[in-house]
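Student: need a 3D model of the sequence below.
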Amino acid sequence: MNQMAPIAWPVKSREMHNHHMDSTVWNSFKFRDDDVVVATWAKSGTTWTQQIVAQLIFNGAEGIDVSTMSPWVDLRIMPKAVIDGLELQTHRRVLKTHLPVDALVFSPKAKYIYIGRDGRDAIWSLFNHHINATDAFFAAFNNCPGRHGPGLERGANDAHAFYTRWFEQNGEPYWPFWENIRSWWQIRHLPNVLLMHFSDMKRDLPGAIRRIADFLDVEIDAAVFPKIVRHCSFDYMKAHADKVAPLGGVLWQGGAQTFVNKGTNGRWRDTLSAEEVAAYEAKAMAELGSDCAWWLAMGEGAQP
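Tutor: Numbers count the residues shown, from 1 in each chain. Predicted coordinates for the structure are as follows:
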């Protein structure tokens, strides 16, 4: 009689430190069996997915302060009191991370949702996030005790230059991109991991919400579902940006409305040359392999 092979759960093999991250916080984190971890590289639908999960947990409630109830656990400047406060939450917890799998303590009982987005779209969104950050934003990260590596500089107001540096210098001035995507793609088969794609969520938001609900074993109240969908729309989140942006958006010029920017793809098409597009696609293929590169560029719902 054949027996199923035991599951090889991911094991943390390194720490990751930079001006934003401190992966050691996970080493002593006390998981609950029903925890939900929302993960991305960055600017790939993280806040959007946190909103979806919160809406499912709280059955379409108004006024949920997602930025407070769902903290970025490995954020270096996150006050310890906020992380400690997770112990006091009595509802199902929603946690956020931007770490690759091998720098994360992985719980076999928690549920992990990873959202991918074409790197060019993520960078155009990150540029808006970066260039509109206040001086207080840069000071917070650069003056944080125990900061590792170089500081974070605003740089020129030039999206193309920002992209070029990111592409040529392995994710600078933030953190490595390809290893992050690759690490989560490699564990997509695990029963407690769900990979979503930003483009699929835009194509069919109700379907994406139902898929996440099924994964989390959340039974949707049919009468409330239209409200949940509305509360997860870009327009609703833009109108209630102070409830989803970190610290209510105070670290960005223009506030929370700047943090919840456009939610669009393809802005790079008018800037990158044909040669730059080809170089990105070749790099994606070399770093990720054909299946993952296709998924990252198009999502599952696109026609091949």
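Student: can you map out the helices along the stretch 1-150 of the chain?
Tutor: 46-57, 66-69, 80-85, 119-131, 135-142 (DSSP state H, counting those that start in this stretch).
Student: who wins for proximity to Asp291 among these?
Tutor: Closest of these to Asp291 is helix 119-131, at 16.3 Å (criterion: CB to CB). C-betas here are computed from N, CA, C, even on glycine.
Student: show me what that closest one is in contact with.
Tutor: Residues outside helix 119-131 that contact it (CB atoms under 8 Å, 6 or more residues apart in numbering): 41-44, 154-155, 157, 159, 162-163, 166, 173-174, 177, 181, 198, 252, 258-259, 261-262, 265-268, 272, 280, 284, 296.
Student: isn't Pro176 right up against Trp166?
Tutor: No. The pair Pro176 / Trp166 is not scored as a contact, 10.2 Å apart, by CB atoms under 8 Å.
Student: neighbour count: these two, which is higher?
Tutor: Shown here are Pro176 and Trp166; by other CB atoms under 10 Å, Trp166 has more neighbours (20 against 16).
Student: not counting sequence-adjacent ones, nearest residue to Ile64?
Tutor: Closest residue to Ile64 apart from its sequence neighbours, by CB to CB, 6 or more residues apart in numbering: Ala54 at 5.0 Å.
Student: ditto for Phe31
Tutor: Ser107 (4.2 Å).
Student: pLDDT below threshold where in the stretch 151-300 of the chain?
Tutor: Filtered on pLDDT under 70, the stretch 151-300 of the chain yields the residue ranges 245, 247-249, 254-263.
Student: all helices of it, in order?
Tutor: Under DSSP H, counting those that start in this stretch, the stretch 151-300 of the chain gives helices at 159-168, 178-185, 198-203, 205-215, 225-231, 234-239, 256-259, 274-288, 290-298.
Student: out of those, nearest to Ser23?
Tutor: Taking CB to CB, helix 178-185 is the member of the helices of the stretch 151-300 of the chain nearest to Ser23, at 12.4 Å.
Student: and the contacts of the closest one?
Tutor: With contact meaning CB under 8 Å, 6+ apart, helix 178-185 is reached by 39, 41, 98-102, 114, 116, 119, 170, 193, 195, 283-284, 287-288, 292, 295-296.
Student: then stretch 199-209?
Tutor: Stretch 199-209 is contacted from outside by 45, 48-49, 52, 55-56, 115, 117-118, 196, 220, 225, 228-229, 232-233, 263, 265, 298-302, using CB under 8 Å, 6+ apart.
Student: for it, which positions count as buried?
Tutor: Ser199, Asp200, Met201, Lys202, Leu205, Ala208, Ile209 (16 or more other CB atoms under 10 Å).
Student: which member of these is positioned nearest Val66?
Tutor: Val66 lies nearest to Ile209 out of the buried residues of stretch 199-209, by CB to CB, at 14.9 Å.
Student: distance of that closest one from Ile115?
Tutor: Ile209 is 13 Å from Ile115, where distance means CB to CB, to the nearest Å.
Student: Ala239 now?
Tutor: Note on Ala239: its distance to Ile115, by CB to CB, is 22 Å.
Student: could you do Trp184 as well?
Tutor: 9 Å.
Student: joint contacts of these two?
Tutor: Taking CB under 8 Å, 6+ apart as the contact rule, Trp184 and Ile115 both touch Ala39, Leu195.
Student: still on that earlier bit, between Ala239 and Ile115, who's got more neighbours?
Tutor: Higher neighbour count among Ala239 and Ile115: Ile115, with 22 against 12, using other CB under 10 Å.
Student: could you give the bridge partners of that one?
Tutor: For Ile115, the beta-bridge partners are Met196 (DSSP bridges).
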